[in-house]
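> pasting the structure only:
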């Protein structure tokens with residue numbers, strides 16, 4: 001299953017929006033915002049990890065394509 005970057009982006013934006021709305025009405029003692037901050041950090045970690053996995057997959061795909069093109073070239077000129 002592929003990571004849904006758009007869904008993660010929308011969820012992160014919603015959390016940031018909620019944080020911005022709540023920070024004006026909540027006490028600035030840090031007891032209310034820890035969960036939102038953790039959720040935002042988790043989404044950021046997941047997105048970074050998904051980008052790394054996608055980059056590795058692209059490298060493997062290019063290596064496979066390169067090896068197939070080499071075989072194809074040899075067959076064309078035999």
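Happy to help now that I have it. Fair warning: this is a prediction, and the values are worked out from it, not measured in the lab. Residues are numbered from 1 along each chain as shown.
> Verify the stated contact: residue 44 with residue 12.
Yes. Here residue 44 reaches residue 12: they are 7.4 Å apart, a contact under CB atoms under 8 Å. Just so you know, the C-beta spots here come from the backbone N, C-alpha and C atoms, and that holds for glycine as well.
> In terms of neighbours, single out the busier of those two.
Neighbours were counted for residue 44 and for residue 12 using other CB atoms under 10 Å; residue 12 has more, 17 against 12.
> In contact with the more buried one, which residues?
Residues in contact with residue 12 (CB atoms under 8 Å, 6 or more residues apart in numbering) are 40, 43-44.
> If you count neighbours, what's buried in the strand or helix carrying it?
Using DSSP states H and E, residue 12 maps to helix 5-22. Across helix 5-22, burial judged by 16 or more other CB atoms under 10 Å covers 8, 12, 15, 19.
> same check, this time on stretch 30-43
Result for stretch 30-43 [16+ other CB under 10 Å]: buried residues 39-40, 43.
> That one: how far from the chain's middle?
18 Å (CA atoms, centre = their mean, to the nearest Å).
> Find the residues that touch each one of residue 44 and residue 12.
Between them, residue 44 and residue 12 share no contacting residue, judged by CB under 8 Å, 6+ apart.
> immediately after the helix holding residue 12, which helix or strand?
Downstream of helix 5-22, the next assigned helix or strand under DSSP H and E is helix 34-76.
> quick one: that next one to helix 5-22, angle?
Angle, helix 34-76 to helix 5-22, by axes from the mean of the first three to the mean of the last three CA atoms, to 10 degrees: 160 degrees.
> got the buried residues of stretch 30-43 as CSV, with pLDDT and distance to residue 3 columns?
Formatted as CSV, the buried residues of stretch 30-43 follow (pLDDT from 0 to 100; distance: CB to CB, whole Å):
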residue, pLDDT, distance to residue 3
39, 97, 16
40, 96, 17
43, 96, 11
